[in-house]
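In: My questions are about this predicted structure, shown below with the sequence.
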Amino acid sequence: MKISFIFLRSRSRSICTLITLIASFGTPFSLGAQAIKTNILSDFAMMPSIAVELPLGRRLSLDVGYNGAWWENRASAFCVKSHGGQLGIRYWFEDIFNGHHLGVYGLGHSYDFCFGKKGMQSDGWCWGADMEYGYLLPLGKSIALDFSAGFGILGGNLKEYEPQDSHFVWQSNKRYRWFGPTRASVSLVWTIGRMSHEKQQ
């Protein structure tokens, strides 16, 4: 059984390139440390992720993230195609990249999932917004774990289909709204530069 994996398509390349440029050059408002992150939970689910976080002051930061995957095996009607991301502002109760934080996020995602008998595909982009709470646990001078969870609303349109004789037969269109838990992450964080609370020591 052969499963093809194409992670960096043209759109994915553009997003990852943008995130890399942001991480390289920062923003006019950034100071001190910057962070590059990956969500371990998303990575284990075969949906690689990358994010950068930039300080906007001593207790505010800008968080930009992307995750995506392109797994497909037409012979067994298996498909996990997904890409999307989030953009948010975080407030840190102590200092940047240290301890408890709250965030407000906008979310965007598209997907196509099929596991043998039934499949569902987003009709365009799905959108949402949430509030996040988290805690960053330093493991060393440059490495940390960030635990976070989001609660908010997601919405969009989807198409349901069934695989039949190597074809995908449309069944119905649906609109959905979800209010509740939206995200969970355990992120490995690598900080670049010195953090503000380290400079004061």
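Out: Received it, and whenever you're ready, just let me know what you need. Model, not experiment: these values are computed from the prediction.
In: How about the secondary structure of residue 75?
Out: Using DSSP: H, G, I helix; E, B strand; the rest coil, the secondary structure recorded for residue 75 is helix.
In: And it, how close does it get to residue 182?
Out: Summarising the geometry, the distance separating residue 75 from residue 182, computed by CB to CB, to the nearest Å, is 34 Å. For the C-beta atoms, the positions are set from N, CA and C on the backbone; glycine is no exception.
In: Check residue 36 too.
Out: With distances defined as CB to CB, the gap from residue 36 to residue 182 amounts to 23 Å.
In: Same drill for the two, tell me which one is more crowded.
Out: In this comparison of residue 36 against residue 182, neighbours counted by other CB atoms under 10 Å, the higher total goes to residue 182 at 20 against 16.
In: The strand ranked longest in the chain - contacts with which helices or strands?
Out: If each strand of the chain is counted by residues according to DSSP state E, the longest one is strand 167-192. Packed against strand 167-192, as judged by 3 or more CB pairs under 8 Å, 6 or more residues apart in numbering; DSSP states H and E, are the following elements: strand 34-39, helix 40-44, strand 99-115, strand 126-138, strand 143-164.
In: Work out the sheet partners of that strand and label each with its direction, please.
Out: Within its sheet, strand 167-192 is paired with strand 34-39 (antiparallel), strand 143-164 (antiparallel), according to DSSP bridges.
In: Any buried residues in it, and which?
Out: Residues of strand 167-192 classed as buried by neighbour count (16 or more other CB atoms under 10 Å): 168, 182, 183, 185, 187, 189, 191.
In: Sweet, I'm off.
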